[in-house]
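# Return atomic coordinates for the entry below.
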Amino acid sequence: MKIYRGLLLILMLPAFFVFDISCNKTSPQQADIEKSISLPTDGPAIIADNDQFAFDFLRAALQTDQSAGNKLISPLSIYLALSMVYNGADNATRDSIQLALRSQNISIDDLNKTCQALIQGMPLADNEVHLSIANAIFYNQNIQPVPGFLSLIQQYYLAKMDSLNFNDPQSVNTINQWVASNTNQKITQVLSNISPSDLMYLINALYFKGSWEHGFDPKATSTKTFYPTPTTTVSTAFMALNTSLAYFQNDSLQMIQLPYGAGDFNMYVLLPSANISLSAISSALNPPSFSSWQSQMGSRKVQLSFPKFSYSYAIADMRPALTLMGMGIAFGTGADFSGMYTIPVDITKAIHKTYIDVDEEGTEAAAVTVIGIEPTVAGPSEPIIINIDHPFIYIIQEKSSGAILFMGLMNDPSQSS
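Below is the predicted model:
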């Protein structure tokens, strides 16, 4: 059967990647442990919104990048970075970010508390998986953000706060080194330069490493044919596995579940059926359909042939995709981030970078999301067109006294003396 790779990893379960503390893999002598995450009352609703954001952002990203290359996003990395920004927005800008986050019916307080619960609970969810995520705000030391904003982000998102001299070229190295350190050196550069006019960078960095519950035997790996399109082929390394896995099939696709560690984290692979395009599957993907497919999965003996792969992906500018999702106002002169700064500012950078390596042992992946803030700069104004082509009044006045010297009414300028 032909295998189509493009959607393979961007469709990993949305809860696959999250938030701020590391969970180190334990020694082989320790038993596998799964721990449920204790969420606040509205937490499940927020996670549902998060899932909706994941699928909607995927579709928006595919609309703005229609190239045939491999793609990979970390929806929760993006979601977390935007949630930090959301705390500094107000009025229509705040509403637009709330719309993009798909959280119209959720208060920001509940959102923050749910993020806090995930930060505290997710690293403990599986003792056989290494999960770390870090949040940071680097800001220009010459212009101070609203103190309450920084305090709130520290409280709920455990973010590192660092004021830098943005006139110093070393500042960009400081940020890149922080990103590299928090992605296990898998993403080493996210910014190439910093302008002295830049005000703030809100950053989320994520690192994941998990070993398969059912490992692939390296001796069984062999070179086989992969079909990027129905009429083109490449040779690549395929892993082999014969075991029982959760499986679902309908007329459009086959779906398998590949668990990591103790089973709290899973990769879901969706393989389109013959004559079904990848775009048709991605268009049909949403939380209800994905949940329905999951609920219909049953244990089946599977003979799996699965390609090894490793690649990086970058979205240099997420603003077009986020505009499609409703938050375009945040990127221009109409933006209101008065909860973040006392001067007008807007989002001028929205960068997302990812890395993935899948082999016989498991999966190593990293992601970083950067939101850049700058002072709002009004663009050149269009000339006002005034066509005085109908009757008008005119007045001649002396400035210092205010005395009006003449007043007139012009009905027909063709009538002279």
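# can you point me to the longest helix in this protein?
Scanning the chain for the helix with the most residues, using DSSP state H, yields helix 43-64.
# Spell out the residue ranges of the strands in the protein.
Taking DSSP state E, the strands of the chain run over residues 129-140, 160-164, 200-211, 222-229, 232-249, 253-260, 265-272, 298-307, 309-315, 345-358, 362-375, 392-397, 404-410.
# coming back round to it: so what touches the longest helix of the chain?
Helix 43-64 is contacted from outside by 10-11, 14-15, 39, 71, 73, 75-76, 78-79, 100-103, 105-106, 110-111, 113-114, 117, 279, 282-283, 285-287, 290, 315, 318, 320-322, 324-325, using Cβ atoms under 8 Å, 6 or more residues apart in numbering. In short, each C-beta sits where N, CA and C put it, glycine included.
# repeat that for 6 Å
Outside helix 43-64, the residues that touch it by Cβ atoms under 6 Å, 6 or more residues apart in numbering are 10, 14, 75, 79, 101-103, 106, 111, 114, 285-287, 320-321, 324-325.
# where are the low-confidence patches of the stretch 1-150 of the chain?
Residue ranges of the stretch 1-150 of the chain with pLDDT under 70: 1-35.
# quick one, what contacts A159?
135-137, 153.
# how much space is there between it and P218?
40 Å (Cβ to Cβ, to the nearest Å).
# Spatially nearest residue to the residue nearest the centre of the chain (excluding sequence neighbours)?
Nearest residue to the geometric centre of the chain (Cα atoms, centre = their mean): I78, 2.2 Å. Nearest residue to I78, sequence neighbours excluded (Cβ to Cβ, 6 or more residues apart in numbering): T369, at 5.0 Å.
# Could you say which of the strands of the chain is packed most deeply?
Of all the strands of the chain, strand 200-211 has the most neighbours on average by mean count of other Cβ atoms under 10 Å, namely a mean of 26.
# Next, the angle strand 345-358 makes with that strand.
Counting by axes from the mean of the first three to the mean of the last three Cα atoms, to 10 degrees, strand 200-211 lies at 20 degrees to strand 345-358.
# can you give me phi and psi for S338?
Main-chain torsions, S338, degrees, to the nearest 10: phi -70, psi -20.
# how close does the closest residue in space to it that isn't next to it in sequence sit to P344?
Counting by Cβ to Cβ, 6+ apart, S338 lies nearest to D90, which is 4.9 Å off, once chain neighbours are set aside. To P344, D90 is 12 Å away according to Cβ to Cβ.
# Okay, and the beta partners of T363?
When bridges are called by DSSP bridges, T363 pairs up with G210, V358.
# pLDDT at it, what is it?
For T363, the pLDDT comes out at 89.
# How much space separates it from L271?
Per Cβ to Cβ, T363 is found 18 Å from L271.
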